[in-house]
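Novice: need the 3D shape of this:
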Amino acid sequence: KLDLNVDHAGTALKQSLFDTERHTSLRMAREAIRRVEDCRGEAERARTAAGKLDAAAAKKKAADADARLEAARKHTAQAEEAQRAAERADEATHIRSALKPGDTCPVCGETVHKIAKVATSTLAPAQKAVRDAKSAEMKAADAASKAANELTRVTQQAKSAAETVEKAAADLRREEDALK
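Specialist: Model prediction:
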């Protein structure tokens with residue numbers, strides 16, 4: 001009976017001996033699973049980052065800023081035209097102020113019979129309007145530039161996130177294939 005127990009113990013001992021090959025295979029499988037999980041995590045983080053990027057909002061903001069800039073440019077052009085008209089009117093007022101009935105008009109050469117009442121100059125308000133319009137245009141240009149820069153940044157980040165997702169997905173497929 002003792003011999004039977006010794007034989008049985010010997011068989012059990014042989015079965016419980018460390019199997020180096022099996023241990024190596026298990027360790028490699030655990031590492032492969034860890035790499036697969038890492039790839040999944042990286043892909044998920046990249047997808048989350050890409051989802052947070054609001055390229056459509058950045059595009060709309062840039063388009064709105066460009067529209068405001070265009071409107072500011074038109075307003076500046078109108079203010080400059082109004083200033084030129086005020087300058088012409090101011091010059092006419094200056095010429096008219098020096099005339100007396102009976103003088104020759106320096107503009108048309110006719111004899112002056114009656115002098116019209118001198119209007120109040122609109123040059124100073126027109127000049128202020130131009131300064132204000134140019135200031136608004138500069139602010140709009142700055143806002144448009146910032147919006148364009150933000151759009152470029154968001155676009156580059158979105159591209160980078162997409163590349164990261166693609167790389168992580170490829171790594172994941174490769175690691176999953178290695179497990180098969």
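
Novice: what's the closest non-adjacent residue to residue 49?
Specialist: Spatial nearest neighbour of residue 49, chain neighbours left out: residue 161 (4.9 Å); criterion: Cβ to Cβ, 6 or more residues apart in numbering. Just so you know, the C-beta spots here come from the backbone N, C-alpha and C atoms, and that holds for glycine as well.

Novice: ok, residue 143 next?
Specialist: residue 65 (4.8 Å).

Novice: from residue 140, how far out is the one you found?
Specialist: Using Cβ to Cβ, to the nearest Å, residue 65 is found at 7 Å from residue 140.

Novice: which helix runs longest in the chain?
Specialist: The helix spanning the most residues in the chain, taking DSSP state H as the definition, is helix 123-179.

Novice: chain center to that helix, what's the gap?
Specialist: The gap between where helix 123-179 is centred and where its chain is centred comes out at 2 Å by Cα atoms, centre = their mean, to the nearest Å.

Novice: cool, and stretch 56-70?
Specialist: 10 Å.

Novice: tell me the helices and strands packed up against whatever helix or strand residue 83 lives in.
Specialist: Element membership for residue 83, per DSSP states H and E: helix 55-97. If contacts are counted by 3 or more Cβ pairs under 8 Å, 6 or more residues apart in numbering; DSSP states H and E, helix 55-97 sits against helix 123-179.

Novice: the inter-axis angle of the helix it packs on versus helix 55-97?
Specialist: 170 degrees (axes from the mean of the first three to the mean of the last three Cα atoms, to 10 degrees).
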